[in-house]
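Student: Here's a sequence, model it:
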Amino acid sequence: MTSVARHPMTPTVPPEVISDIYSPDEIAVLFDVVRRKGPWRLIAAQHFATAEEYLAVSGPKNPDLKSKLTLSDLLTPTFRSYLGNFGIAYEDEVHDLYFSRKMLNMIKSIHGAKYATPQSFLFNLRAPAHSYDAGHFDGSSWRGINSNNSPLWLISIMAKSGLFDEWEVKSGQVIAYYYNSDIDGGFTYWPEGPDLPPKRVPAPFWNNGFLTNNEKMFHRGEASGPRGRRTIPDLQLNSLISGEGDNEWVIRNDGTEIARYEDDEMRFLFHYSAHVFDDLADVKRYVEHTDDLTVEKALGMILDDLKRRGKPVPESSDPMNDSGFIAALSSRYAMAPSEYPVEAPLDVPTPR
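Tutor: Residues are numbered from 1 along each chain as shown. Next up, the predicted model:
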């Protein structure tokens, strides 16, 4: 009997569509924090320094090598901040939500795990936007290396390489979407791996989403909002968004307004993630750092793997900031979806 190899970017179990994730009172608390406590920064400004770093995480399967993009060409008005992280609730109002037994039990159920600890609790808010994200997976975690202490481009390449399962920290996510419009804005995901057809949940959303293992599944938020308002010519890395009044959102550059939107044009998500452990020995390895990876060891393993495969990459004197080195590693471990829903095609960026 012939067995079919499981793609490394396939979730432990298929994602489960869930509804009524938060109570009305909890929704009010969450949106109150987002509206009152800004301004908030672009996701790209928090995680990427160059186009090569972005493309290592969210680049297409067959990029146009003749089109030299900069990070500015890839910007969309998608902003992010954190309600909690590292096992600490950042806002008093969300303390009980961050340590929610309901959320932790849901995520433990994905892996049949015995123990869990909350990790990142973040929110994204997006004005009308294109989606240049060709599909990505959330930042994986290994003992010693995670998205809190290492760049996302390295996290992505490590996950694609399949070299680090021995150090993997299991995780899961509960993601709630809020987009009160049916103008595009759905969610595309590849539960059987990026080489097979995707599935899609269309908008509108309100307090529904997924129980999922997004660190092992390619997915993307689709373009959203009025199609004629998806480009902001003055958007730049230091652009900030903040709530204005009861139902508006304003994007500014150094205090100067460049765009304004109403609630129904905006797309929001709240993304809760936890780490889970099979037993106390697993917990102790994680907490006591007795078997951690280092960035140096990870890069060494990657370079050794490429040599064995006959695809060597020269070492760099500044590997964490060398865009040519990052692009070379990314191309060696290139992996991205090959098919998109007809209703949600991939937007193609062009140089400004």
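Student: For the rest of this, base every contact and every neighbour count on C-alpha atoms.
Tutor: OK.
Student: Number of residues surrounding residue 194?
Tutor: By the criterion of other CA atoms under 10 Å, residue 194 has 24 neighbours.
Student: Sticking with the closest residue to it other than its chain neighbours, tell me its helix or strand.
Tutor: Closest residue to residue 194 apart from its sequence neighbours, by CA to CA, 6 or more residues apart in numbering: residue 337 at 4.2 Å. Assessed by DSSP states H and E, residue 337 sits outside every helix and strand.
Student: Check the secondary structure at residue 268 for me.
Tutor: strand (DSSP: H, G, I helix; E, B strand; the rest coil).
Student: Name whatever forms a beta bridge with it.
Tutor: With DSSP bridges as the criterion, residue 268 is bridged to residue 125, residue 178.
Student: how about it, what does it touch?
Tutor: Contact partners of residue 268, counting by CA atoms under 8 Å, 6 or more residues apart in numbering, are 123, 124, 125, 126, 177, 178, 179.
Student: quick check, nearest of those residues to residue 270?
Tutor: Distance to residue 270, by CA to CA, is smallest for residue 123 among those, at 4.4 Å.
Student: looking at it, that closest one is touching residue 269, isn't it?
Tutor: Yes. Using CA atoms under 8 Å, residue 123 is in contact with residue 269, at 5.5 Å.
Student: that older thread, could you measure from the residue nearest to residue 194 over to residue 291?
Tutor: In this view, residue 337 and residue 291 are 33 Å apart by CA to CA, to the nearest Å.
Student: Please identify which of these two sits among more neighbours.
Tutor: Per other CA under 10 Å, whichever of residue 337 and residue 291 has more neighbours is residue 337, with 22 against 13.
Student: show me the contacts for that one.
Tutor: 60, 61, 134, 135, 190, 193, 194, 195, 196, 218 are the contacts of residue 337 under CA under 8 Å, 6+ apart.
Student: The last one touches residue 136, doesn't it?
Tutor: Yes. If you go by CA under 8 Å, residue 218 and residue 136 touch, sitting 4.9 Å apart.
Student: Just want the most central residue of the protein.
Tutor: Centroid-nearest residue in the chain, with CA atoms, centre = their mean: residue 138, separated by 4.2 Å.
Student: List the residues that contact it.
Tutor: Residues in contact with residue 138 (CA under 8 Å, 6+ apart) are 214, 215, 216, 217.
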